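Q: okay, structure incoming, though there's no sequence with it:
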Ligand code: SF4
Ligand SMILES: [Zn+2]
Ligand SMILES: [Zn+2]
């Protein structure tokens, strides 16, 4: 599947099918720090992603101390 | 996963609540959390005029949306910081949201209105940009609120922000800051009330709220934030949260309920000795306030 990552914006290919939790583990991402969007819907960590899916992993941390 | 309320397919799970929600019930959850924060900490009166500090990011746009949804009279204030492309894109996001929903957005531009911007202020003071930025924001949100007749400034600080700031303050035992770290700062002569209605919601929830409400916020980070200490604290806290859900909220609300009071004296002492800035009239401990000194050094004075 195509996986779109942000900050910096980049794309990686990950073979499916696998769950959201497994995808995040494979990319070494903390599930607390991201949202996963498949097509145009948010998905939970148990959702199964198919090889033909396009997935966006969006970081949710914002940085200013002010 | 299934929605805790209706058993329909869930779109988000929130481990610290041990719950998952469908889109409609998640939006309801967000509104309820804000309603409860406002009530528990007596943040707002029903007929308050609220000025929302809008950055174009997820938290401030979600906050504005939530306050309007809950029936408050809330306008936005966007501050142009002059941080290159990032500022241009956040201006667009703030304007587009306001225009789409027919909300009123005030704008102040540091360069055009005050003769400096954040990069120039950071260079002139040889300090981290976030310091100059925070100082400018605090001063201008307060000043604009007073000038334009608002009762209260609402900021988009969420649970993660509060937990990171708290950790930073504890690590350095900043007792004055700990005394002032509250979801509500009451008004005082020269200061409007300041409130943080998102304190019960994490930043993952705020991002999800925007996605589900179709709010187009600026996802990219301020380039000045890179590697700052605040982000480091957030990463550490998220690592703890992942292992032990509920850590951040126990840290913040335990502090507010059981510890904050012990530092209240440290904050009070600083506010007691305030006079008026000889340049702009704002409350200050010195002759000229920190904002006017910054502006002078950064070339806008
Ligand atoms: S990261 Fe720092 S410089 Fe950038 S907007 Fe936030 S406080 Fe200002
Ligand atoms: Zn539901
Ligand atoms: Zn001044």
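A: Here it is on my side, so go on. In this text, all values refer to a predicted model and were calculated from it rather than measured experimentally. Ligands and ions are numbered 1, 2, ... in the order given.
Q: got the contact list for the helix or strand containing residue A:57?
A: Taking DSSP states H and E as the criterion, residue A:57 maps to strand A:54-59. Residues from elsewhere that reach strand A:54-59, judged by Cβ atoms under 8 Å, 6 or more residues apart in numbering or on different chains: A:1-7, A:23-24, A:27, A:29, A:33-39, A:49, B:207, B:211, B:219. Quick note: C-beta positions are derived from backbone N, CA and C, even for glycine.
Q: go on, stretch B:291-301?
A: With Cβ under 8 Å, 6+ apart as the test, stretch B:291-301 has contacts from B:110, B:114-117, B:120-121, B:124-125, B:132, B:135-136, B:139-140, B:277, B:279-280, B:282, B:288.
Q: quick one: it near ligand 3?
A: Yes. Stretch B:291-301 lies within reach of ligand 3 by Cβ under 5 Å from the ion, at residue B:292.
Q: tell me if that stretch is near ligand 1.
A: No. For stretch B:291-301 and ligand 1, the contact criterion (Cβ under 6 Å from any ligand atom) is not met; the two come no nearer than 13.2 Å.
Q: any buried residues in that stretch, and which?
A: Within stretch B:291-301, the residues scored as buried using 16 or more other Cβ atoms under 10 Å in any protein chain shown are B:291-295, B:297-298, B:300.
Q: from those, which land in helices?
A: The helices, defined by DSSP state H, take in B:291-295, B:297 from these.
Q: list the contacts of residue B:15.
A: Residue B:15 neighbours (Cβ under 8 Å, 6+ apart): B:245-246.
Q: hmm, back to that, by pLDDT, rank the buried residues of stretch B:291-301 and give me the bottom one.
A: pLDDT across the buried residues of stretch B:291-301 is lowest for residue B:300, at 69.
Q: centre of the chain to stretch B:230-246, how far?
A: 19 Å (Cα atoms, centre = their mean, to the nearest Å).
Q: that should have said stretch B:240-254, apologies.
A: 20 Å.
Q: quick one on the thing from earlier: export the buried residues of stretch B:291-301 to TSV and tack on distance to residue B:179?
A: Below are the buried residues of stretch B:291-301 laid out as TSV (distance: Cβ to Cβ, whole Å):
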residue	distance to residue B:179
B:291	22
B:292	25
B:293	24
B:294	24
B:295	28
B:297	28
B:298	29
B:300	32
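Q: quick check: pLDDT value at the most centrally placed residue in chain A.
A: Geometric centre of chain A, nearest residue: residue A:57, 3.0 Å, by Cα atoms, centre = their mean. Turning to residue A:57, the model gives it a pLDDT of 96.
Q: the helices in the stretch 51-200 of chain B, which residues?
A: Ranges of helices within the stretch 51-200 of chain B are B:58-69, B:84-101, B:118-125, B:129-147, B:159-171, B:175-180, based on DSSP state H, counting those that start in this stretch.
Q: average pLDDT across the first one?
A: Computed over helix B:58-69, the mean pLDDT rounds to 98.
Q: which positions within it qualify as buried?
A: Quick answer for helix B:58-69 (16+ other Cβ under 10 Å): B:58-68.
Q: out of the residues you listed, who's near chain A?
A: B:58-59 (Cβ under 8 Å from any Cβ of the partner chain).
Q: any idea how far residue B:137 lies from residue B:121?
A: From residue B:137 across to residue B:121, the span is 12 Å (Cβ to Cβ, to the nearest Å).
Q: now swap in residue B:233 and tell me
A: 24 Å.
Q: now the residue in chain A that ligand 2 sits nearest to: how far from residue B:31?
A: Taking Cβ to the ion, ligand 2 has its nearest neighbour within chain A at residue A:44, 12.7 Å off. According to Cβ to Cβ, residue A:44 stands 21 Å off from residue B:31.
Q: tell me which of these two has more neighbours.
A: A count of neighbours by other Cβ atoms under 10 Å in any protein chain shown puts residue A:44 above the other of residue A:44 and residue B:31, at 19 against 16.
Q: and the residue nearest to residue B:48 when sequence neighbours are not counted, what is it in contact with?
A: Excluding the flanking residues, the one nearest residue B:48 by Cβ to Cβ, 6 or more residues apart in numbering or on different chains is residue B:151, at 4.4 Å. Contacts for residue B:151 (Cβ under 8 Å, 6+ apart) come out as B:45, B:48-50, B:145, B:187, B:192-193.
Q: where along the chain do the strands fall?
A: By default, I'm working from chain A. For chain A, the strands defined by DSSP state E occupy A:2-5, A:10-13, A:18-19, A:34-38, A:41-42, A:48-49, A:54-59.
Q: chain B was what I was after
A: Going by DSSP E, chain B shows strands at B:12-14, B:19-21, B:49-54, B:73-80, B:105-109, B:152-154, B:184-185, B:193-195, B:275-276, B:283-284.
Q: perfect, that will be all.
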